[in-house]
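K.L.:
pasting the sequence and the predicted model now:
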Amino acid sequence: MSTAYISHQNCQEHDTGQGHPECAARLSAIEDKLLISGLFDFLSNIDAPEVTRDQLLRAHTAGHLAMLEAMMPLEGYERLDPDTVISPGTDKAANRAAGAAVAAVDLIMSGKVKNAFCCVRPPGHHAEHDRAMGFCIYNNIAVGVKHALEAHGLKKVAVVDFDVHQGNGTEDILIGDDRVLYCSIFQHPFFPYTPLPENSERVVSIPLDATAKSTEFRSAVTDHWLPALERFQPEMIFVSAGFDAHRDDDMSYVSLTDADFRWVTEEIVRVAEASAAGRIVSSLEGGYELNSLARCVESHLRVLMGL
Ligand SMILES: [Zn+2]
């Protein structure tokens with residue numbers, strides 16, 4: 001059984017303006033790396049479909065969709081907040097990015113692939129129920145999670161989020177849904193400066209000091225994420241795959257290495273094999289230093305592919 005690589009040309013056409021870190025070159029860097037390494041030949045390449053309005057409405061309000069429609073520029077740029085720039089290509093890109101997560105769930109549940117990586121932008125984990133924020137328009141992972149629960153009737157899914165920023169949007173949309181376990185690790189205090197959620201049987205939120213390195217990250221995963229995941233026994237695991245905690249990425253101070261991202265992926269795969277028949281939907285979040293981003297995505301994919 002193979003790994004799906006789900007993306008779309010439209011995701012490159014979300015123009016955030018010159019000098020913006022969340023740029024189309026991120027996806028090109030990843031694709032170049034996968035071409036050069038030959039990995040593309042062994043992936044199931046899938047064009048991301050556009051998400052439907054009903055699929056979005058499971059995670060977002062009608063007001064959020066209406067606001068975006070009203071704000072979407074026909075030319076030039078608009079800002080939804082100081083960081084979140086939209087342009088004429090954003091609408092389609094955001095639709096494909098959320099649609100990729102839905103397609104990933106469908107492909108896995110139909111048995112066509114074992115797991116999937118959605119190589120998409122804009123990212124998603126800061127987008128709340130009713131608000132775009134921090135480069136994010138729709139919460140791609142939350143849309144995928146809701147699709148797995150509502151359209152496929154899964155009873156228990158987990159989201160693991162190793163992006164260096166707190167996933168305030170995912171918290172906003174998914175915390176309180178008893179069918180979802182949310183595990184996150186992030187630099188704190190740091191953007192988005194939202195309150196820390198209360199930890200519980202369904203929320204494992206681990207703030208890391210800005211000086212944190214490999215040891216602190218791996219201890220947090222080993223001591224907190226893995227026991228919670230093993231207790232919960234998810235039927236599918238979603239990964240908010242952000243690579244901006246890398247030491248070469250100046251978006252944060254946390255200093256992880258290529259090996260840490262490979263390791264955490266191996267641990268996620270191990271848990272997924274134990275309870276979820278290996279079912280993993282991973283979607284790209286942050287990661288802004290192009291070389292480390294491309295290397296870490298390649299290694300994340302190799303683990304998903306069992307290489
Ligand atoms: Zn981030």
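P.N.:
Cool, the structure landed.

K.L.:
how far away is Glu201 from Lys156?
P.N.:
12 Å (CB to CB, to the nearest Å). The C-beta positions use only the backbone N, C-alpha and C, and glycine is treated the same way.

K.L.:
these two - which one has more neighbours?
P.N.:
Neighbours were counted for Glu201 and for Lys156 using other CB atoms under 10 Å; Lys156 has more, 18 against 10.

K.L.:
what about the helices in the protein?
P.N.:
Remark: helices assigned in the chain by DSSP state H are 25-37, 53-57, 62-71, 90-109, 140-150, 168-174, 214-220, 226-232, 258-275, 290-304.

K.L.:
Throw these into a markdown table and include mean pLDDT and mean neighbour count, thanks.
P.N.:
Putting the helices of the chain into a markdown table (pLDDT from 0 to 100; neighbours: other CB atoms under 10 Å) gives the following:
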| stretch | mean pLDDT | mean neighbour count |
| --- | --- | --- |
| helix 25-37 | 98 | 17 |
| helix 53-57 | 98 | 16 |
| helix 62-71 | 98 | 13 |
| helix 90-109 | 98 | 26 |
| helix 140-150 | 99 | 28 |
| helix 168-174 | 98 | 26 |
| helix 214-220 | 98 | 16 |
| helix 226-232 | 98 | 17 |
| helix 258-275 | 98 | 19 |
| helix 290-304 | 98 | 22 |
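
K.L.:
so who does the residue nearest to Thr61 when sequence neighbours are not counted touch?
P.N.:
Nearest residue to Thr61, sequence neighbours excluded (CB to CB, 6 or more residues apart in numbering): Asp130, at 4.6 Å. Contact partners of Asp130, counting by CB atoms under 8 Å, 6 or more residues apart in numbering, are His60, Thr61, Gly63, His64.

K.L.:
again, but for His14
P.N.:
Ala24, Ile86, Ser87, Gly89, Thr90, Ala93, Ala94, Arg121, Pro122.

K.L.:
change it to 6 Å
P.N.:
Counting by CB atoms under 6 Å, 6 or more residues apart in numbering, His14 touches Gly89, Thr90, Ala93, Arg121, Pro122.

K.L.:
from His224, how far out is it?
P.N.:
Distance from His14 to His224, by CB to CB: 34 Å.

K.L.:
okay, buried residues for stretch 7-18 please.
P.N.:
Ser7, His8, Asn10, Cys11, Gln12, Glu13, His14, Asp15, Thr16 (16 or more other CB atoms under 10 Å).

K.L.:
wait, stretch 192-212
P.N.:
For stretch 192-212, a neighbour-count test (16+ other CB under 10 Å) marks Pro192, Thr194, Pro197, Arg202, Val203, Val204, Ser205, Ile206, Leu208, Ala212 as buried.

K.L.:
return the backbone torsion pair for the residue in the chain that the ion sits nearest to.
P.N.:
Taking CB to the ion, the ion has its nearest neighbour within the chain at Gly286, 2.9 Å off. Phi and psi for Gly286, reported as degrees, to the nearest 10, are phi -90, psi -170.

K.L.:
that one: what's it in contact with?
P.N.:
Taking CB under 6 Å, 6+ apart, we find Gly286 in contact with Asp163, Gly242, Asp244.

K.L.:
which members of those additionally contact the ion?
P.N.:
Asp163, Gly242, Asp244 (CB under 5 Å from the ion).

K.L.:
which residues does Ser7 contact?
P.N.:
Contact partners of Ser7, counting by CB under 6 Å, 6+ apart, are Cys119.

K.L.:
wait, Val164 touches Phe243, no?
P.N.:
No. With contact defined as CB atoms under 6 Å, Val164 does not count as touching Phe243 (8.6 Å).

K.L.:
residues from the stretch 101-250 of the chain in reach of the ion?
P.N.:
Residues of the stretch 101-250 of the chain lying near the ion (CB under 5 Å from the ion): Asp163, His165, Gly242, Asp244.

K.L.:
cutoff 8 Å now
P.N.:
Pro123, His125, His126, Gly134, Asp163, Val164, His165, Phe191, Gly242, Asp244 (CB under 8 Å from the ion).

K.L.:
got a winner among those for most neighbours?
P.N.:
Neighbour counts for those (other CB under 10 Å) peak at His125, which has 33 neighbours.

K.L.:
got a list of what the closest residue to that residue other than its chain neighbours touches?
P.N.:
Leaving aside its sequence neighbours, His125 sits nearest to Gly167 (CB to CB, 6+ apart; 3.8 Å). Residues near Gly167 by CB under 6 Å, 6+ apart: His125, Asp161, Ser184, Ser240.

K.L.:
now for the residues you listed, which pair is the farthest apart?
P.N.:
His125 and Ser184 (8.6 Å; CB to CB).
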